[in-house]
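[1] could you look at this predicted model? Sequence included:
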Amino acid sequence: MTNAATTGGRLSAGTQPAAPDAARTTWPRMALLGAVLLALGLLALLWDDGDRVLLAGLGAVAVVWGVGLLREVRAGSRPRAAATSGALAAWLGVVAAAVALLSGTATAWVLVAGLVLAVPVLVSAAGTGRPGAATAAVVVLAGAVSLAVLGGSGTLLGVGTTVVAGLVAALGVVNLLGAVGMWRIARRPAPETVGGCGGCACGAGGCGSLR
């Protein structure tokens, strides 16, 4: 997302970034995503079959995000390389929803596998200069193996699904807080144009070029 910090260096003198306009379109989506994630996390924590609803809901979110990304690529607002990520997200979302509908045990295994694989993937995406992230990945993997060996698969699945549900709920809260911040920015008045110029011919040599 482009914000004021990233656009400020590219603006000409006397202009201001249109942050309120961007925030008006961003905060409703952040609020909706946050509410959905929080509801899914709480359902998984409080309801016996909530883990299946959680996986199906996450799959639906992945499908919506993937399809939206593909549309942006088709419209030209995203590079073509992003189409691979969009298609993969949509495909994985469909598979996740199908697994949630078919089997509760398979749902638990998918959630645990996602938890175990998430940390190494994030470490790889963050780069090699973060030893703390690599340590966290090792701890997560070692903890999963220890639970499977000492407590059995049932303990591993129970703890894993609970952790995933808690993380999803926490992510929902983070999105809701971010939406509140965006909403506050959206309430700010739009920046006024400087010097009464309407910007009609500035790129063509100034207003005098129209005469």
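    Perfect, I can see it now.
[2] hey, let's count contacts and neighbours off CA atoms from now on
    Fine.
[3] tell me how far Leu43 lies from Ser103.
    17 Å (C-alpha to C-alpha, to the nearest Å).
[4] go on, Gly166?
    22 Å.
[5] then Pro79?
    37 Å.
[6] ok, Arg24 next?
    On the measure of C-alpha to C-alpha, Arg24 and Ser103 end up 41 Å apart.
[7] more neighbours, those two?
    Ranked by neighbour count (other C-alpha atoms under 10 Å), Arg24 and Ser103 place Arg24 first, with 17 against 11.
[8] residues near Ile185, how many?
    For Ile185, using other C-alpha under 10 Å, the count is 17.
[9] revised request: answer the last question for Ala19.
    Neighbours of Ala19 using other C-alpha under 10 Å come to 20.
[10] tell me the pLDDT of it.
    Here the pLDDT value assigned to Ala19 is 74.
[11] hmm, it is touching Arg187, no?
    No. Between Ala19 and Arg187 there is no contact under C-alpha atoms under 8 Å: 10.4 Å.
[12] where does Arg80 sit: helix, strand or coil?
    coil (DSSP: H, G, I helix; E, B strand; the rest coil).
[13] show residues contacting stretch 48-67.
    40-41, 43-45, 85-101, 104, 107-108, 111, 161, 165 (C-alpha atoms under 8 Å, 6 or more residues apart in numbering).
[14] tell me the contacts of Gly172?
    Listed by C-alpha under 8 Å, 6+ apart, the contact set of Gly172 reads 33-38.
[15] which two from those end up farthest apart in space?
    Leu33 and Leu38 (8.5 Å; C-alpha to C-alpha).
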